[in-house]
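>>> fold the following, please.
(2 chains)
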Amino acid sequence: KNQVEQSPQSLIILEGKNCTLQCNYTVSPFSNLRWYKQDTGRGPVSLTIMTFSENTKSNGRYTATLDADTKQSSLHITASQLSDSASYICVVSGMDSNYQLIWGAGTKLIIKP
Amino acid sequence: NAGVTQTPKFQVLKTGQSMTLQCAQDMNHNSMYWYRQDPGMGLRLIYYSASEGTTDKGEVPNGYNVSRLNKREFSLRLESAAPSQTSVYFCASSEAGGDRQPQHFGDGTRLSIL
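Prediction:
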């Protein structure tokens, strides 16, 4: 069964610190992997999209990595800010997805001053 | 820069009532989607429309119907609401080839069925 699992479920860090969120997936064959940020009460916003040939992709202080062999991805946040408090969702698209994406349950990140 | 607009933002219904959730996008996107988001779970696709004039079932279509009114608008209808349909509903849109394009989301409709 195609699945996307994220860890940890929640994370609290101090402002200015770095953190890394993890994503493991079983989707096969694989097309691309996305990271979304969802603020409380808002819709998800796309951060990055990576195909199987891309190992790293950055968007400002956000850096996503992908290891298609081990089916793992991570999202690294550098020098965290209070505005980074949100849920971060890993999403995987299969080759035969027919527009359907497999969404993880997300990691809830809280940045404390 | 409206993007994807959903109405209403909140709604409370009684079991058995019907209602339509509205969604409109101003980005000239071909593909549109309806999702539901429940606590502790990933978003689940209800229906999608790859292009104007076409609609297809997603992972959880039972109890819902959709209409792609034109390129801009995609509505979701609950014919006879049930408590299990209590959820947050998100509409999204993407350019053609939605499999490789980012989806742009509205801010959701929070729906409670009593």
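>>> use CA for all of it now, contacts and neighbours both
Will do.
>>> low-confidence stretches in chain A?
A:97-99 (pLDDT under 70).
>>> what does it put close to chain B?
Applying CA under 8 Å from any CA of the partner chain, we find that chain A lies next to chain B at A:32, A:41-46, A:49, A:93, A:97-106.
>>> give me the element the residue most central in space within chain B is part of.
Of all residues in chain B, the one closest to the mean position by CA atoms, centre = their mean is residue B:34, 2.7 Å from it. Using DSSP states H and E, residue B:34 sits in strand B:31-37.
>>> same check on residue B:40?
Going by DSSP H and E, residue B:40 is not in any helix or strand.
>>> what does the one 5 residues further on give?
Using DSSP H and E, the secondary-structure element containing residue B:45 is strand B:44-49.
>>> beyond that strand, next helix or strand please.
Moving toward the C-terminus from strand B:44-49, the next helix or strand (DSSP H and E) is strand B:56-57.
>>> close to chain A, is that following strand?
No: shown here: strand B:56-57 not in contact with chain A (CA under 8 Å from any CA), separated by at least 9.9 Å.
>>> contacts for that strand next, please.
Under the contact criterion CA atoms under 8 Å, 6 or more residues apart in numbering or on different chains, strand B:56-57 has outside partners B:46, B:47, B:48, B:49, B:50.
>>> chain A next: which of those residues are close?
When contact is defined as CA under 8 Å from any CA, these meet chain A at residue B:50.
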